[in-house]
Structure formats: structure tokens, C-alpha cells
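A.B. asks: turn this into a model:
(chains A and B)
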2 protein chains.
Amino acid sequence: MKNFEFYNPVRVFFGKGETDRVGKECRKYGKRILLSYGGKSIHQSGLYDRVKKNLEAENLEVFELSGIQPNPRITSVRKGVEICKKEKINLILAVGGGSVIDCSKIIGAGAFYGGDPWDFFTKKAQPTSMLPLGTILTLAATGTEMNHNAVVTNDETGQKWAVVDPHIFPTFSILDPENTITVPRDQTVNGIVDMIVHVFEQYFHPTPETLLQDHLSEGIMQTIIETTPCLLAHLDDYNARATIMWCGTLALNHLVSTGVEDDWATHNIQHELSAIYDIAHGAGLAIIFPQWMKYVLDAIPGKMARFTEKVWNIPRNGKTDGELALVGIERTRQWFHEIGAPVSLGELQIGSERLEEMAHNAISRGPLGTTKKLGESDVLQILKMSLS
Amino acid sequence: MKNFEFYNPVRVFFGKGETDRVGKECRKYGKRILLSYGGKSIHQSGLYDRVKKNLEAENLEVFELSGIQPNPRITSVRKGVEICKKEKINLILAVGGGSVIDCSKIIGAGAFYGGDPWDFFTKKAQPTSMLPLGTILTLAATGTEMNHNAVVTNDETGQKWAVVDPHIFPTFSILDPENTITVPRDQTVNGIVDMIVHVFEQYFHPTPETLLQDHLSEGIMQTIIETTPCLLAHLDDYNARATIMWCGTLALNHLVSTGVEDDWATHNIQHELSAIYDIAHGAGLAIIFPQWMKYVLDAIPGKMARFTEKVWNIPRNGKTDGELALVGIERTRQWFHEIGAPVSLGELQIGSERLEEMAHNAISRGPLGTTKKLGESDVLQILKMSLS
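C.D. replies: Residues are numbered from 1 along each chain as shown, chains lettered A, B, ... in the order given. The predicted structure follows:
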């Protein structure tokens, strides 16, 4: 185990009906609220009206930023920052999935910065503070509701980059599983892939002596694997939605990565896929992760063998670590397929035309990963393996 | 899963050498520090000198409260509060185990209260604030370094009671496993029993649909069970000390009890044992917990059967839940015995003389537990079962 610092001050309100505490919670931080959200889905589900009514009952003055897209754009951030500065906003209330929340984190940080908020991504500047941020999560996936990460796309340059900074934790997050009941099957699957790959990327790493973190990660993976069939059979099952929602949060609140050299190579490669083809994040991860596993297998065969035994309950039966690992990798790929995620670029009609470009972009800020340091040719090889 | 609120803002610094950041961390909160600790052990280990040097290097003015005993007394709290008020202390630095930290939490809260700090325990008053509190943990056991609990004994009345309040989280905690290397075998064992029973008490409960919490709890239990033999064979093994230390913290930072009706009956019964016989907390827990399991078995046979399979890796082999549960209970008791903990009151020369008194005191604030509500006669029965 490596030395680490752990700090996570997000206040979580979890469960049925918790949505209705939003007005009273927001009121604690002031009267001028920026309500940020995506598009029609919160109107269709009735959540928009419910939240508005709740805020108005506390006599809060509500400003709005709508139209935040999946893979949120820096142009939305700039719009939000302008409103915050002009209207002297006291708290941002982000109602939506990871994109809305990520975008709102950077808006909240941008409100304290004189320059362009894209500077936070190029490292030209660092956040120094953030407006209080409340969230109402509507999609279990990214974990942003309880962490200090934000991913935003620069629509001018096509770069999809992340900021990780201790100033951008949400102040509070309302996790009401009923707000995810209407999420369609494909988005539900993408969210599940995203969260389990988050755990994978904190579990497959080169750090020795991380037994507790291994067990905790395996516990989250097993819970996701055991719950998913039930959820996909009954998309309106409250208990399954609740379990998956809390899994998504704990998958990336940075607890399971304490003391480990986590390896985010797959997420970085996937961001390039999304930037060029605008495919769902979860879809890209399901395609690339098993190929990444094969590519780095010889660096951590013991860990991958353990994974096969503990998470997939597949006995060793005399196999070497490497042989058992291959069984686990194949089982992982098969599971992605079973739950309805794509497992090759070909399934999405993506050919080899732009693989070089993606590989080149993926390592533009340096080599990727910790298990094996991946350069451009390594990334290209993983992308080629992902074709079919 | 029940609705819940989760909030834990403690900043943890974990690992070898982290002790030396104490001066710089304390300095952030002001210049006047109350250093609170127990007795000779931190002098013998050299930790006292190291901390003092570190504080002095930052030109901090250090006041001292020493002599805080195991099962800390309200009289120590009162002394500490007096120093804080008189010397206008900016931060309390607690160096020690659970007793020193618990005592310091109530001192920090008492500094903002005009009455007697025992009022927090009788519910006559509630904490409204706490002085910033830093901790350097020297014993892996109670989890107080990352939670908002404190247990203090009233030396006049013999009551050993708890306060759980959102104002009494430590501000930061330094978890340097090297500070636990010199902990003797018996205290190491007591700490291990304490932490695993914490997980038990949040795992054996009547709430349905808690799959994620179950897996996480099982992960911590398995880690403790797998690591303990190695640690007891090599008390100076850094990796084993580090794993056990992080287990102790996560066992009671209230993450694994999110959404469950945790059942603290055993801890409450044990507090009465400690109050009368002054036995080690872990010893009392190892004796009582398996008997509590037997006594409530018929309320949650499925959970206890799951425990036997998942944590002890004992296959069902056609047994009913109840039969399998009994195997798991016996295995738990045997494990306590194997690691050197007592498993009967008889082993500690405690007879039946004062069982009625303890049972009476245990339920003085109402019946105990959630799995089964335990009244005086139930507690007496469990104590009788614990005799041999």
C-alpha cells in the first residue's frame, strides 16, 4: 500500500423522497440559485416541476442554464459562469447525470476566476474555490456526485479532458433512486458499464499489498454483477435501482483507490473515441477494457487470476495465473455482451480509418497508465484489437 | 435499504512518515495547541519527542493534558475543557488510541459549552461546535479517528456512555502504521476483535436489500481474518499493520452501515462489563458476540448462513440456514480463541454474582438492538450463556 490522503466532504442524502428536501437544503446557502440541467428528460419525468415547486416554496430566486449536452461542452461552462457572475448566484443546483454535474463543477469554479475556464484543463490555472453546489442525480454512472472530478469537451479543439481538484466536490448530493426509474435500457447499461469499469481501473494496478482495497473493489463488482440481471429484467425495480445507484457512487468516490496506483488508461483511450465518434462513454469502455486487459496481462497475471476466482467464481482447476486470467477476461467480455453493451468497434460500424489519430491524441499529455506505461504504438495496438 | 444521510469530512493522512506533517497541519488552525495523550507509551516509543519537536519547529505554543486513561473519565474531560477555555486553545492534538481521541472530542465540544460536559451524555445538552481536532492514532481499534462517536465513563456513577454527534468529527487524522508497530500482542488482539465486531454489528441487522453493504462488510471481515495470522506472527510487519489500521478505520466510519438498522446490542452489554470489571473492551466483545449471535439466530438465519459461506468459506452441504448459521457462530468463537481472545467470562474469573446488575444497567436507557429488541431478561440470558 502506498501513502495516501483521503478527504471527501460530500453530504449524501439517499433514498425515496429525498428529492423534496432540495428547497430547504439550497436555502442554507443563499437565495439566488442557478438551476442547471440538460434537456427534455427532466421535463418529461416531472422532476423539473417538482424541483421548481420545492425551490419556490422556500422563496428562492431561480435562474436557469438548460441544454447541457452529454459530453458537456466548454461553451456551456462559459455561459454558466457568465450567469453566476452577472446574477451573483449563491448556489448552483445541478439536476441531471454526470455531464450536467461535471459542467456545473467547472461553472462553480469559473465563477471565482477571471480567465477562460478551459484554463483549468490545460493547467494554465487551478481552481481556487467553487460556488456551493447541490446535485440531484438522475443517472447512476459516473460517480461525480461524490467526487472532485469533472470531464468537459472543448468543442473547438475536440479535446475531452478532465480536471481533478479538491475544490470541486459537490456540497451536497441528493440520490433518490426513483429519479432513475425512467432511465431507458441502453443508458442504464452504459451507466453500469461505466461504474464497473471505474472499479476495474482502480483494481487492476501494479501496487502490492492492497488486500483491503481488493476486497472492497470485489464487493462492489460482485454487487453490480448480481444486481444487473434483476434490474434489466425490471427497469422499474426500486431496490435494484437503489443498489446500482449507491454502487455507482462508491465506485468512484476514491475510497477503493486509497493507497493504489490506479490505472486510467482505458478511460483516456475511450475519451478519444467519444471525442471523434460521439459514442456513449459506456459503450467505448466495454469495447476497450477487455482488450486493455489482454494487452497488460503479463504485468499483473496474479491479480487477474484472483479477479477470475473472486469476482466470477471460476475455480482455478490447475490453471496457471495467466491461463486463469484469460478465462476471466473472456468472461468479462461475455458479460458486457450479455447485458447489451457492444464489445467491438465493428458493432458500432467503426473501422480502422482514424485509429492512428486517436492513438496520437490519447497520449498527447504523456504516456497512459501505471500497470504498463502505454505509448502511441501500444494504444494503437489496443484499438486494433478492439476492431472485432 | 433504508433512506440515509452520509457525511464524513475527516481528512486522513495515511502511511509511513506521515507523522512528520503534524506541525504544518496544526499550524493551519492557529498557534495554541493542546496536546492530549495517555501515559508512558508515547514517551517510550519516542513519539512524544517526535511530535513535540515537530510542533516546536512551527513555533506553536503547546499546552498538555496527559494521563488520559483507557475507558476515559469525564474528570479528564473536565480538566481539558478548563485548559481550553483558560488558554484560548486553537486546536487539540490527540496522540493515542480511542480513549485519548474520544476524550479529546468531548473536550473540544465542551470548550463551547457553559455547563458540565457530562450533559452531552445524558442528553441534557447537545454539542454545538468543537475546536479543530487533529489526531495521531497509535492503536488500530475503535475507528474514532474517522467518525463522530465518543465513549466516556463517568467515574462517579460508573456509567460508560456514548455521544454520536455531527459536530465531533476530527478535522484531520494521521494514520501512520509505524506508530502501531510497538503495540503489544494482547492490545493488538483486542483492537482486532473490536474492529471486526464493529463490522459484525453493522452486518447482522434486520434490514432487507442491503447487498452492497453486505459485500463491503464481508470484504473488511475477510481482510481482517486473512491478515491477523500474519500480523500475530510478525508484530512488526509494516504491511500487516497498515492493512489492519485501515480496516479499523473503515470498520466504523459509518460507510458500511449506510441504509441499515445496525444493531449495537453487544457493544452496549460489553460496556457494562467494562464498567464493573474494567476488562479490555475487545475481550468482552469476543465473549459476548457469539452468544448474542446464538440468541438472535432465529430472527436472521439467512444472513448468518450467508456469513458462514462468504466469510468463513464453509460450504452449505445440504444444511438449512439455521444449521449452517450455527457452524458459522462456532467458527467465529473458535477464531477468537485462536487469536488469543477470551471466549467465556470464566476465563477472566468472572462469575455469576453481578450478572443481574449488569443486565439491569444495560437497558437503563431502553431496550437494546434492532435484530431482536432485548430487554433485561434477554440480556441476562446472554450474559449467563457467556459464563463458560
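A.B. asks: what residues go with each domain of chain A?
C.D. replies: Residue ranges for each domain of chain A read A:11-180, A:185-385, as given by automatic domain parsing.
A.B. asks: do the shortest one and chain B come into contact?
C.D. replies: Yes: remark: domain A:11-180 sits within contact range of chain B at A:11-18, by Cβ under 8 Å from any Cβ of the partner chain. Yep, even glycine has a C-beta here, placed from its N, CA and C like the rest.
A.B. asks: same deal with the last one?
C.D. replies: Yes: counting by Cβ under 8 Å from any Cβ, chain B is contacted by domain A:185-385 at A:209, A:211-212, A:215-216, A:218-220, A:222-223, A:226-227, A:239, A:242-243, A:246-247, A:250, A:255, A:258-259.
A.B. asks: now for the residues of domain A:11-180 next to chain B: which two are most distant?
C.D. replies: Within the residues of domain A:11-180 next to chain B, two members stand farthest from each other by Cβ to Cβ: A:Arg11 and A:Lys16, at 18.1 Å.
A.B. asks: neighbour count: the two, which is higher?
C.D. replies: Between A:Arg11 and A:Lys16, A:Arg11 has the larger neighbour count (other Cβ atoms under 10 Å in any protein chain shown), namely 19 against 15.
A.B. asks: beta partners for the more buried one?
C.D. replies: A:Phe172 (DSSP bridges).
A.B. asks: hmm, it is touching B:Pro166, no?
C.D. replies: No: using Cβ atoms under 8 Å, A:Arg11 is not in contact with B:Pro166, being 9.8 Å away.
A.B. asks: overlap in contacts of these two?
C.D. replies: Contact criterion Cβ atoms under 8 Å, 6 or more residues apart in numbering or on different chains; residues shared by A:Arg11 and B:Pro166: B:Tyr7.
A.B. asks: can you list the buried residues in the lengthiest helix in chain A?
C.D. replies: When chain A is parsed with DSSP state H, its longest helix is helix A:211-233. Under the neighbour-count criterion of 16 or more other Cβ atoms under 10 Å in any protein chain shown, helix A:211-233 has A:211-225, A:227-228, A:231-232 buried.
A.B. asks: now swap in stretch A:159-167 and tell me
C.D. replies: For stretch A:159-167, a neighbour-count test (16+ other Cβ under 10 Å) marks A:159-163, A:165, A:167 as buried.
A.B. asks: what about the helices in the stretch 101-250 of chain A?
C.D. replies: A:119-122, A:185-203, A:211-233, A:238-251 (DSSP state H, counting those that start in this stretch).
A.B. asks: show me what the last one is packed up against.
C.D. replies: Translated: helix A:238-251. Under the contact definition 3 or more Cβ pairs under 8 Å, 6 or more residues apart in numbering or on different chains; DSSP states H and E, helix A:238-251 sits against strand A:11-14, strand A:172-175, helix A:185-203, helix A:211-233, helix B:211-233.
A.B. asks: quick check: the closest residue to A:Asp49 other than its chain neighbours vs A:Asn179, distance?
C.D. replies: Once flanking residues are discounted, A:Asp49 sits nearest to A:His43: 7.9 Å by Cβ to Cβ, 6 or more residues apart in numbering or on different chains. For A:His43, the distance to A:Asn179 (Cβ to Cβ, to the nearest Å) stands at 13 Å.
A.B. asks: phi, psi of the residue nearest to the spatial centre of chain A?
C.D. replies: For chain A, A:Thr142 is the residue whose C-alpha lies nearest the centre (Cα atoms, centre = their mean; 2.3 Å). Dihedral pair for A:Thr142: phi -80, psi -20, per degrees, to the nearest 10.
A.B. asks: all strands of the stretch 51-200 of chain A, in order?
C.D. replies: A:61-65, A:91-96, A:133-137, A:149-153, A:160-164, A:172-175 (DSSP state E, counting those that start in this stretch).
A.B. asks: would you mind writing the CA trace of the second one as CSV?
C.D. replies: The C-alpha atoms that make up strand A:91-96 are tabulated as CSV, following Å, rounded to 0.1, in the frame of the first residue of the first chain:
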residue,chain,number,x,y,z
LEU,A,91,-25.6,28.1,-5.2
ILE,A,92,-25.7,26.0,-8.3
LEU,A,93,-28.2,23.2,-8.3
ALA,A,94,-27.3,20.6,-10.9
VAL,A,95,-30.2,18.3,-11.9
GLY,A,96,-29.1,15.5,-14.2
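A.B. asks: just how off-centre is that strand within its chain?
C.D. replies: Counting by Cα atoms, centre = their mean, to the nearest Å, strand A:91-96 is centred 17 Å from the centre of its parent chain.
A.B. asks: just checking: what are the partner strands of that strand?
C.D. replies: When DSSP bridges is applied, strand A:91-96 pairs with strand A:32-37 (parallel), strand A:133-137 (parallel).
A.B. asks: tell me which residues are up against that strand.
C.D. replies: A:22, A:26, A:29-30, A:32-38, A:42, A:47-48, A:51, A:55, A:68, A:80, A:84, A:100-101, A:103-104, A:107-108, A:131-139, A:170-171.
A.B. asks: quick one, which of those are buried?
C.D. replies: A:22, A:26, A:29, A:33-38, A:42, A:47-48, A:51, A:55, A:68, A:80, A:84, A:100-101, A:103-104, A:107-108, A:131-139, A:170-171.
A.B. asks: which ones are touching the closest residue to A:His167 other than its chain neighbours?
C.D. replies: Leaving aside its sequence neighbours, A:His167 sits nearest to A:Pro127 (Cβ to Cβ, 6+ apart; 4.2 Å). A:Pro127 makes contact with A:109, A:112-113, A:120, A:163, A:165, A:167-168 under the criterion Cβ under 8 Å, 6+ apart.
A.B. asks: and which of the residues you listed is nearest to chain B?
C.D. replies: Nearest to chain B among the contacts of A:Pro127: A:His167, at 14.2 Å, using Cβ to the nearest Cβ.
A.B. asks: for the closest one, give me the pLDDT.
C.D. replies: In the predicted model, A:His167 carries a pLDDT score of 98.
A.B. asks: ok, it - contacts?
C.D. replies: Shown in contact with A:His167 (Cβ under 8 Å, 6+ apart): A:109, A:127-130, A:148.
A.B. asks: most neighbours out of the residues you listed, which is it?
C.D. replies: Neighbour counts for the contacts of A:His167 peak at A:Ala109, which has 26 neighbours (criterion: other Cβ under 10 Å).
A.B. asks: picking that back up, comparing the strands of the stretch 51-200 of chain A by mean pLDDT, which bottoms out?
C.D. replies: Looking at those, the bottom one is strand A:160-164 with a mean of 91.
A.B. asks: can you get me a residue count around A:Ile279?
C.D. replies: 18.
A.B. asks: tell me the spacing between it and chain B.
C.D. replies: To chain B, A:Ile279 is 29 Å away according to Cβ to the nearest Cβ, to the nearest Å.
A.B. asks: ok, that residue touching A:Leu273?
C.D. replies: Yes: A:Ile279 is within contact range of A:Leu273, at 6.1 Å (criterion: Cβ under 8 Å).
A.B. asks: what touches both of the two?
C.D. replies: Common contacts of A:Ile279 and A:Leu273 (Cβ under 8 Å, 6+ apart): A:Ile350.
A.B. asks: that older thread, got JSON lines for the helices of the stretch 101-250 of chain A, with mean pLDDT too?
C.D. replies: Compiled in JSON lines, the helices of the stretch 101-250 of chain A are given as follows (pLDDT from 0 to 100):
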{"stretch": "helix A:119-122", "mean pLDDT": "96"}
{"stretch": "helix A:185-203", "mean pLDDT": "98"}
{"stretch": "helix A:211-233", "mean pLDDT": "98"}
{"stretch": "helix A:238-251", "mean pLDDT": "98"}
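A.B. asks: right, I'll leave it there.
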